[in-house]
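Colleague: quick one: sequence and predicted model below, then my questions.
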Amino acid sequence: MNLRLGAVALVLAGLLLSACGPAEKPETNPQPAQPTGTPAGLPSVSHPKAEVPKDRDLARVVSTLTGIDACRLLDPTKAPSLGKATVRRTSPHTCEIEGRNALVRAELGAWGDWSKRFAWELGEVRGARIYRQRFDDECTVWMPVSFDYSIRFFSSTKFTRPETACREADAFAAAAVPVLTKAGTPARVPLAGWSGCAALSAILGQPVGSLQLGGASSDFVNGCTGRTASLGIWYGTALKASKKTLRIGGRTVGVDEYKECSLTWDQGLSGQPAPNDRIRVDITAPTCSAGQQLVRKAQTLLAGPAPKRASAQYPLYLRADEPDSPRPGACADLNLDDRTPCQPYVPVDAPKSAAEILRRAQADPNVVCAISTASVGKILGAGLQPVTTRDESCTYVEQAHRLQIVVGISNQSSLAYQSDLQSPKIAGREAKLKTGAAENVLVVDCGQGVFLELDFAFSKGRAGRLDPARTKDLEPLATEIVGRFF
């Protein structure tokens, strides 16, 4: 029985996910404990768990986002390439600027959690962490403010080359850093003191921390979703005629009963020019009876003063050296779901014989890292960091997410029954090599019934393109490990 196939399959599955695109949002459970196998005859092995990064308090993040004037983040002087530009407020907490051949939007509280960001280009502006997404003449710059939410700068340009598509979004993101470092002047427009979650929290009697930003017809901090309802605040034109309407609180409310009940009404003037001259609010609930009760509460609430907000979080952006995921250390660069335990490598002594390496690795996967870390650093450099998941393997990950290496120890070869393999000699020992465009597997017979396996798996990573050039390091790495320990 091969003791490693399960771990390798999980890791390679993660690589395939990152090559094809971002994974769906996983469950954000606390980091599970690192399991340690203890086969018969071996002592129990345990290591202190790495400290799990803690996310920011959502109530404080929402409070701070609400206090920011989104249009302050789009100062025309910060992007001279726009020429003469027009700034438009499109909701209480979103803004856009349109100039010569380009349109840029600033959006507060965009959802894009760490699992979605895994394949995005990583960068830094003025000490703040950012991510970029590029598509032809469009660019989106994400500036995380928590594990799940960001301030987003979206730009659409004309007559530009792909390599310059992010010019305006980058310029505004860099200019935003001083604004997001300390409290400034909030927007002076109707409902600017409200966030979707502040309103929904008061209506439902649920704390902001139990809600999610974005909901009903409004994304970002303007909208909010709870267990039983969602609410959105946005700017638009006067309410259009609906097939069904109700009168609630003296206002006409449009009703849409497709799947759930969506109720939309006009809350008053926004102070902005058409087509953003009216404040629109909508609530979605499981039934229209429940929705009507929420509409009455929301109309009364929004007609009154804005609520007292939680203490602010400054600086609002995450620094480049701050964690932006719930995974400890280099585990943040391993594309597996939260149900797969991961811990950074804990240094242990390396055994001196093949049989003892296998025996000890069955109890502690850190042993596999111990026999390979120095060799990986020597052959491939310091960019690859070791982590352990389960079974007798050590996985090396990098921030670029283009190469992932799994080093494993087993009692039989995973290539034993495969054909069309190469048969190189590794430090004088028999080996089998399977090659491919995105994966290369080398298994070395180390004697004493022990096999060393190296998997080089390539993905497009943050750069968006496959580069298997480091395949050339596979055999030298195996030679180095075998020469040192076998």
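Modeller: Looks like it came in fine. A quick note: this is a predicted structure, and the numbers were derived from the prediction, not measured.

Colleague: list the contacts for residue 424?
Modeller: Listed by Cβ atoms under 8 Å, 6 or more residues apart in numbering, the contact set of residue 424 reads 431, 433, 442, 475. Yep, even glycine has a C-beta here, placed from its N, CA and C like the rest.

Colleague: can I get those in JSON lines with neighbour count, pLDDT and secondary structure?
Modeller: Converted to JSON lines, these look like this (neighbours: other Cβ atoms under 10 Å; pLDDT from 0 to 100; DSSP: H, G, I helix; E, B strand; the rest coil):
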{"residue": "431", "neighbour count": "25", "pLDDT": "97", "secondary structure": "strand"}
{"residue": "433", "neighbour count": "19", "pLDDT": "97", "secondary structure": "strand"}
{"residue": "442", "neighbour count": "23", "pLDDT": "98", "secondary structure": "strand"}
{"residue": "475", "neighbour count": "20", "pLDDT": "98", "secondary structure": "helix"}
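
Colleague: tabulate these (CSV), appending distance to residue 152.
Modeller: As requested, these are exported to CSV (distance: Cβ to Cβ, whole Å):
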residue, distance to residue 152
431, 49
433, 45
442, 43
475, 45
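
Colleague: now, which of those sits nearest residue 354?
Modeller: residue 431 (14.4 Å; Cβ to Cβ).

Colleague: list the beta-bridge partners for the residue nearest to that closest one when sequence neighbours are not counted.
Modeller: Distances taken as Cβ to Cβ, 6 or more residues apart in numbering put residue 444 closest to residue 431, at 4.4 Å, once the chain neighbours are dropped. Bridge pairing for residue 444 (DSSP bridges) gives the partners residue 431, residue 452.

Colleague: wait, residue 444 sits on residue 478?
Modeller: Yes - here residue 444 reaches residue 478: they are 5.7 Å apart, a contact under Cβ atoms under 8 Å.

Colleague: neighbours of the residue nearest to residue 431, just the number please.
Modeller: Using other Cβ atoms under 10 Å, the number of residues around residue 444 comes to 26.

Colleague: and residue 223, by the same measure?
Modeller: Residue 223 has 28 nearby residues by other Cβ under 10 Å.

Colleague: kindly report the same for residue 233.
Modeller: By other Cβ under 10 Å, neighbour count at residue 233 equals 27.

Colleague: quick one: the closest residue in space to it that isn't next to it in sequence and residue 424, what's the gap?
Modeller: Nearest residue to residue 233 in three dimensions, chain neighbours excluded: residue 222, at 4.9 Å (Cβ to Cβ, 6+ apart). Separation of residue 222 from residue 424 (Cβ to Cβ, to the nearest Å): 60 Å.

Colleague: wait, what's in contact with residue 266?
Modeller: Residue 266 touches 238-239, 251-252, 278-280, counting by Cβ under 8 Å, 6+ apart.

Colleague: can you do 7 Å?
Modeller: Residue 266 is in contact with 238-239, 251, 278, 280, counting by Cβ atoms under 7 Å, 6 or more residues apart in numbering.

Colleague: could you do residue 465 as well?
Modeller: Taking Cβ under 7 Å, 6+ apart as the definition, residue 465 has no contacts.

Colleague: surely it forms part of a strand?
Modeller: No - Residue 465 is assigned coil when assessed by DSSP: H, G, I helix; E, B strand; the rest coil, not a strand.

Colleague: how about it, phi and psi?
Modeller: Per-residue torsions, residue 465: phi -150, psi 150 (degrees, to the nearest 10).

Colleague: start the count at 4, not 1, going forward
Modeller: Will do, 4 is the new start, and the previous item becomes residue 468.

Colleague: I'd like the distance between it and residue 461.
Modeller: In terms of Cβ to Cβ, residue 468 sits 10 Å off from residue 461.

Colleague: and residue 247, by the same measure?
Modeller: In terms of Cβ to Cβ, residue 247 sits 55 Å off from residue 461.

Colleague: the more surrounded of those two?
Modeller: Neighbours per residue (other Cβ under 10 Å) separate residue 247 from residue 461, with residue 461 holding more: 21 against 10.

Colleague: look up the residues forming beta bridges with that one.
Modeller: Residues in beta-bridge contact with residue 461 (DSSP bridges): residue 406.

Colleague: you'd agree it is up against residue 471?
Modeller: Yes - assessed by Cβ atoms under 7 Å, residue 461 is found in contact with residue 471 at 4.7 Å.

Colleague: identify the contacts common to those two.
Modeller: Counting by Cβ under 7 Å, 6+ apart, the residues touching both residue 461 and residue 471 are residue 441.

Colleague: which residues touch stretch 373-384?
Modeller: With Cβ under 7 Å, 6+ apart, stretch 373-384 has contacts from 348, 350-353, 360, 387, 389, 397, 399, 408, 410, 473, 476, 479-480, 483-484, 487-488.

Colleague: of those residues, just the buried ones, PyMOL syntax please.
Modeller: Per 16 or more other Cβ atoms under 10 Å, the buried members of the contacts of stretch 373-384 correspond to this PyMOL selection:
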select buried, resi 348+351+353+360+387+389+397+399+408+410+473+476+480+483+484+488
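
Colleague: low-confidence regions, this structure specifically.
Modeller: Scanning the chain for pLDDT under 70 picks out 4-44, 46.

Colleague: quick check, central residue of it?
Modeller: Residue closest to the mean C-alpha point of the chain, counted by Cα atoms, centre = their mean, is residue 117 at 1.6 Å.

Colleague: from residue 338, how far off is it?
Modeller: 10 Å.

Colleague: what about the helices in this structure?
Modeller: 8-23, 61-69, 117-120, 170-182, 199-207, 291-305, 357-366, 369-383, 477-488 (DSSP state H).

Colleague: return the set of buried residues in the fourth one.
Modeller: If you call a residue buried by 16+ other Cβ under 10 Å, then helix 170-182 has these buried ones: 170-180, 182.

Colleague: just stretch 194-205 next, same as before
Modeller: 194-205.

Colleague: and what of stretch 118-137?
Modeller: 118-126, 128, 131-137.

Colleague: so what's residue 301 up against?
Modeller: With Cβ under 7 Å, 6+ apart, residue 301 has these contacts: 202, 206, 234, 284, 286.

Colleague: max pairwise distance over these: which two?
Modeller: Across those (Cβ to Cβ), the longest gap, 11.3 Å, separates 206 and 284.

Colleague: ok, the two, which is more surrounded?
Modeller: Neighbour totals were compared for residue 206 and residue 284, and residue 284 leads with 28 against 22 (other Cβ under 10 Å).

Colleague: residues touching the closest residue in space to the more buried one that isn't next to it in sequence, list them.
Modeller: Excluding its sequence neighbours, the residue lying closest to residue 284 (Cβ to Cβ, 6+ apart) is residue 270, at 5.0 Å. Contact analysis of residue 270 by Cβ under 7 Å, 6+ apart lists 282, 284, 305.
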